[in-house]
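Undergrad: Attaching a predicted model along with its sequence, questions to come.
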Amino acid sequence: MENNSQSSRPLVGISACLHGQAVRFNGEHKRDAFIVDSLGQYFDFKSWCPEVGIGLGVPRPTLRLVGKPNAFRVVGVKDASIDVTDDLRRWSRNAADSMSGLCGYIFKKDSPSCGMERVKVYPHKTGAASKKAVGVFADEVMKRYPTLPTEEEGRLKDPILRENFVNRVYVRHRWQSLVVDGMSPSALIEFHTRHKYLVMSHSVSGYKRLGQMLSNLKAGDLDSIAGDYFSELMQVLKQRATRKSHVNTLQHLVGYLKKRIGSDDKREILDSIARYRRFEIPLIVPMTLLHHYFRVNPDEYIARQIYLQPSPSRLGLRNAI
């Protein structure tokens with residue numbers, strides 16, 4: 001397990017150009033307003049630019065991938081004798097050594113160094129490029145930290161992917177706090193309990209698997225079980241939460257209110273969930289009703305559930321899903 005000092009805000013890696021630094025090949029930047037202005041209110045960022053890291057200037061000759069998706073070289077577009085493949089690999093591996101405290105990473109799409117997926121790779125001779133490669137730097141980071149939440153700035157425009165990424169960043173942040181505070185069987189069970197309905201909204205079977213992993217903590221090595229648990233947790237949360245799975249989770253939560261509210265109030269909540277299922281309203285509407293009724297009728301167990309507020313409400317992530 002990783003053991004790192006803990007800040008009150010998640011530390012997220014980012015491609016330097018997205019953060020507003022003029023490090024692009026043409027001397028410009030690709031500052032992303034949502035990332036910098038919105039997420040920047042809640043995340044601390046640390047930026048990297050692999051091309052600058054290996055000593056290329058700004059501006060500089062453009063680069064591209066040439067070869068096959070899993071066996072390419074990073075060379076100049078106009079001058080193929082410029083080959084920075086080995087330098088990029090070496091620098092990327094060294095840079096990854098300083099990333100153990102990250103809670104996530106946002107990469108620049110389409111970049112031969114930072115592209116997370118579908119990066120163009122050109123054949124050695126003639127023919128069309130295929131979008132099947134991963135940038136050198138992104139590849140090294142993701143291989144080194146397989147549980148690290150990663151996304152590209154373009155994919156963050158999708159409301160479901162955006163909420164998924166931000167929620168995973170906060171889960172990893174809470175996990176780091178757990179490790180720093182000291183892992184214990186009771187603390188691990190509490191972490192799992194608090195995330196029950198968040199996990200359920202992604203996968204019921206995944207929630208059951210995670211529970212089984214913690215069924216006999218006394219008989220196994222705690223660090224090993226915790227590490228396996230967290231790896232599985234992040235894989236489960238990487239799955240997109242569907243409207244159907246959210247409906248199932250919401251209905252479970254309503255069950256805690258059935259003896260505390262009247263029939264009209266219950267009908268109001270269930271009608272809101274049904275309207276959400278029919279794509280008539282966003283998730284925030286039934287969630288707001290649940291918040292209201294649990295505020296009026298407090299439940300200690302439900303109050304601990306991360307699902308009710310997995311990330312800052314001011315980001316409005318559930319307003320569009």
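TA: All right, it came through fine.

Undergrad: For the helix ranked longest in the chain, which outside residues touch it?
TA: Using DSSP state H, we find that the single longest helix of the chain is helix 159-181. Contacts to helix 159-181, defined as C-beta atoms under 8 Å, 6 or more residues apart in numbering, come from residues 1-6, 10, 12, 39, 43, 101, 103-104, 147-149, 151, 155-156, 187-188, 191, 195, 198, 230, 233-234, 237-238, 240-241, 306, 310-311, 315, 317-318, 320-321. Using the backbone N, CA and C atoms, a C-beta is placed for each residue, glycine as well.

Undergrad: Moving C-terminal from that helix, which element do we reach first?
TA: Downstream of helix 159-181, the next assigned helix or strand under DSSP states H and E is helix 185-194.

Undergrad: what's the next secondary structure element after that next one?
TA: That would be, after helix 185-194 and using DSSP H and E, helix 196-200.

Undergrad: neighbours of the residue nearest to residue 95 when sequence neighbours are not counted, just the number please.
TA: Computed as C-beta to C-beta, 6 or more residues apart in numbering, the closest residue to residue 95 that is not its neighbour in sequence is residue 48, at 5.9 Å. Number of residues near residue 48 (other C-beta atoms under 10 Å) recorded here: 24.

Undergrad: what does the one 4 residues further on give?
TA: Burial of residue 52 is recorded as 17 neighbouring residues (other C-beta under 10 Å).

Undergrad: same deal with residue 150?
TA: For residue 150, the tally of surrounding residues (other C-beta under 10 Å) stands at 21.

Undergrad: repeat for residue 191
TA: 21.

Undergrad: Name only those of the contacts of helix 159-181 that count as buried.
TA: By neighbour count, with 16 or more other C-beta atoms under 10 Å, the contacts of helix 159-181 hold 2, 6, 10, 12, 39, 43, 101, 103-104, 147-149, 151, 155-156, 188, 191, 195, 198, 230, 233-234, 237, 241, 306, 310-311, 315, 317-318, 321 as buried.

Undergrad: Now, the residues you listed that are in helices?
TA: Using DSSP H, 188, 191, 198, 230, 233, 234, 237 are the members of the buried ones among the contacts of helix 159-181 that sit in helices.
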